[in-house]
Each structure stands twice: as C-alpha cells, then as structure tokens.
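Asker: Quick one, structure for this:
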Amino acid sequence: MKRNDLVLVLIILCVAGIVYALFFSGSSAGKEAVVSVNGEVVAHLPLSEDTEFSADGAQYHNTVVIENGEAYVSYADCPDQICVNTGHISKTGQTITCLPNRMVVEIVGEEEESEIDGVVK
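Answerer: Predicted coordinates for the structure are as follows:
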C-alpha cells in the first residue's frame, strides 16, 4: 500500500463519518410518549413531567414511567419481560413494545410543517 492509497482511505473514512453524523445519529429529543394498547391510543405523556401510567391489556399489566425526560416500563407481568429490558427511551421514533399485552410506547416530537399541502390523484 502506497502513501497516496492510505490518504485516500483516510479521506473516505472521514467522509463516511461525517455523513453518518449528519444523517443517521441526529434524532432529536422527543416531546411526549404516546401509549397505545390494542392499536388504540390510551395516553399522551409529556416527557417534561415525571409521572406513572398503568396500561392494562386483555391479559397483562404494564407500568410506564416518565422520569427525567425519559420513558421506560418499570413493571410488566408478561412472561418474556422484553418491554422491561428495553430500557429508557427519549429520542423521537424510539419505541418500547410489549407483544403479549399489545402495548406500544412511542416517543414523538413536534410536528414539522410539510412543504406538500395536498395530493391529487
């Protein structure tokens, strides 16, 4: 490998790092956690207020906690405990899912204005 080859590899790695930083790691902090059970929204929980919410499904029970701007499931009586082990979420687009209880906690941010104001067929 010659010196120019090494310089080219370093330039490509730097460009790849910049592209990743600009486009893939830029999720913003969320505004609220939306809790859905069986596909129906049951709660909008602002991340700015510490609170606790009980999400009851057909067979199981989950406790969703908002604390220090993050959401997490502190208790679940479902057999797999994946929702509890997911941990804390706070960025727009992150979710916690409990399949046995059919519960989803999704972090949403502020709605951005779209440049499209209509669709014509």
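
Asker: tell me the SS of the residue lying closest to D80 once chain neighbours are set aside?
Answerer: Closest residue in space to D80, ignoring its immediate chain neighbours: P100 at 6.9 Å, by CB to CB, 6 or more residues apart in numbering. Yep, even glycine has a C-beta here, placed from its N, CA and C like the rest. Three-state assignment for P100 (DSSP: H, G, I helix; E, B strand; the rest coil): coil.

Asker: Give the burial count for P100, as a bare number.
Answerer: By the criterion of other CB atoms under 10 Å, P100 has 18 neighbours.

Asker: repeat for V73
Answerer: 26.

Asker: so what pLDDT did it get?
Answerer: Looking at V73, its pLDDT reads 95.

Asker: again with C83
Answerer: The score at C83 is 92. That number is its pLDDT.

Asker: quick one, what contacts the nearest residue to C98 once chain neighbours are set aside?
Answerer: Nearest residue to C98 in three dimensions, chain neighbours excluded: C83, at 3.9 Å (CB to CB, 6+ apart). Applying CB atoms under 8 Å, 6 or more residues apart in numbering to C83 gives the contacts N62, V73, A76, I96, T97, C98, N101, M103.

Asker: got the phi/psi numbers for the first one?
Answerer: Yep, that's N62 we're talking about. With angles defined as degrees, to the nearest 10, N62 sits at phi -130, psi 150.
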